[in-house]
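Q: how would this look folded up:
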Amino acid sequence: MESVRRVPADVNLVIITAGVDQDEKDIIEKYIGREVIYLENVYPDMSIWEILFRYNKYSFGWLDVDCFVFDSSLFKDLSDLNDGVGVNTVWAGRFSRYQIEDWLGNTFFAFYNKRAMNEIFDKYGFISPRIARFPDKDLNYLDKECYVDISEEQIELLKDKFPLFKENERGYFDTTHLYQIYILMNGMKIGRVRNVDSLKEYYFNGALHLGGCNRIHVYRLDNPKTNMVFKFNMRFSYLLLKKYLPILPEYYREIYKVFTKTLKDNGICADVENLRSSISRYMKKIRWISK
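A: Numbering: from 1, shown residues only. A predicted model of the protein is given here:
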């Protein structure tokens, strides 16, 4: 609800839900005045991307549920697809695992050019937003049908354009990255409406992306390099859960109890004022970026 209420009313927003029960549907219908698609089962995000890429008739944007937009002009800037731009993104990164120097956009908040999709599909055939070669043992928690092998022909195409390209050791392309690489191969660009590096700056003065919100209530902080970021995410998520707890179905109270214990186990104070002051102090330390 918090991310949705920050989307301007004139933005054509459609919410995709998966596997929510009737109690949650009632909350959505009562408090969120937006069009909603209710999918009966739970699907990995790559399945949803597959549907969107195959069947959308128009250019479209994507906003993660754990992404909060404070600068409403970002919606207009993202949808302004200049000539030669296949994807507009807010957060982008250079991913060493592909051995490709170009910036690739992350999916937290991005906009995809349908005309570019058509050109790519006509030239190369359909390019799945996510293609992987996971060994079977790594698929225990995933839907195997969501993964499609990348062909030797595709690998040779990539190596021809990007001589340093190699299949990374885990054998996968992150969501939409292979598609974006084909965008670059076809002479189009990845547009960056803000110069925000997704590997360093999840938070800036235009938007904030928490990340990992589906498991954040049971995180165990054991990596000093990422503890500060995850502590921020946990504090922010805990405050949101506490804020909306009175209107959420009863079973969210059990999640709240687990989350409270997790904060304690990680040495994080659950007092509301302490959480707010800690978040405020951290936000003052981060790098602020403007257009």
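Q: Could you export the longest helix that the chain contains as CSV, keeping only the C-alpha atoms?
A: Criterion DSSP state H: the longest helix present in the chain is helix 227-244. Taking Å, rounded to 0.1, in the frame of the first residue of the first chain, the C-alpha atoms of helix 227-244 are listed here in CSV:
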residue,chain,number,x,y,z
ASN,A,227,24.8,-5.3,7.5
MET,A,228,24.2,-1.5,7.3
VAL,A,229,22.0,-1.8,4.3
PHE,A,230,20.0,-4.7,5.6
LYS,A,231,19.6,-3.1,9.0
PHE,A,232,18.1,-0.1,7.2
ASN,A,233,15.8,-2.4,5.2
MET,A,234,14.7,-4.2,8.3
ARG,A,235,13.9,-1.1,10.3
PHE,A,236,12.0,0.5,7.4
SER,A,237,10.0,-2.7,6.7
TYR,A,238,9.2,-3.3,10.4
LEU,A,239,7.8,0.3,10.7
LEU,A,240,5.6,-0.3,7.7
LEU,A,241,4.3,-3.6,9.0
LYS,A,242,3.6,-1.9,12.4
LYS,A,243,1.9,1.0,10.7
TYR,A,244,-0.5,-1.2,8.7
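Q: now it: mean pLDDT?
A: When pLDDT is averaged over helix 227-244, the result is 90.
Q: got a list of contacts for that helix?
A: For helix 227-244, the surrounding residues in contact (Cβ atoms under 8 Å, 6 or more residues apart in numbering) are 1-2, 66, 202-203, 208, 210-213, 216-217, 219, 221, 252, 255-256, 259-260, 262-263, 266, 268, 270, 272, 275-276, 278-279, 282. No exception for glycine: its C-beta is placed from N, CA and C like everyone else's.
Q: starting at the chain centroid, how far to that helix?
A: Averaged C-alpha coordinates place helix 227-244 at 17 Å from its chain's average position (Cα atoms, centre = their mean, to the nearest Å).
Q: Following it in sequence, what is the next regular element?
A: helix 252-265 (DSSP states H and E).
Q: can I assume residue 126 is in contact with residue 54?
A: Yes. Assessed by Cβ atoms under 8 Å, residue 126 is found in contact with residue 54 at 7.3 Å.
Q: Helices of the stretch 151-291 of the chain, start to end?
A: Residue ranges of the helices in the stretch 151-291 of the chain, as given by DSSP state H, counting those that start in this stretch, are 152-161, 177-185, 227-244, 252-265, 272-285.
Q: Could you figure out how far the fourth one is turned away from helix 227-244?
A: On the basis of axes from the mean of the first three to the mean of the last three Cα atoms, to 10 degrees, helix 252-265 is oriented at 150 degrees to helix 227-244.
Q: try the last one
A: What separates the directions of helix 272-285 and helix 227-244 is an angle of 130 degrees, with the same axes, to 10 degrees.
Q: Quick check: buried residues in helix 272-285?
A: Within helix 272-285, the residues that count as buried by 16 or more other Cβ atoms under 10 Å are 275, 278, 282.
Q: so what's the second one up against?
A: With contacts defined as Cβ under 8 Å, 6+ apart, the neighbours of residue 278 are 231, 235, 269.
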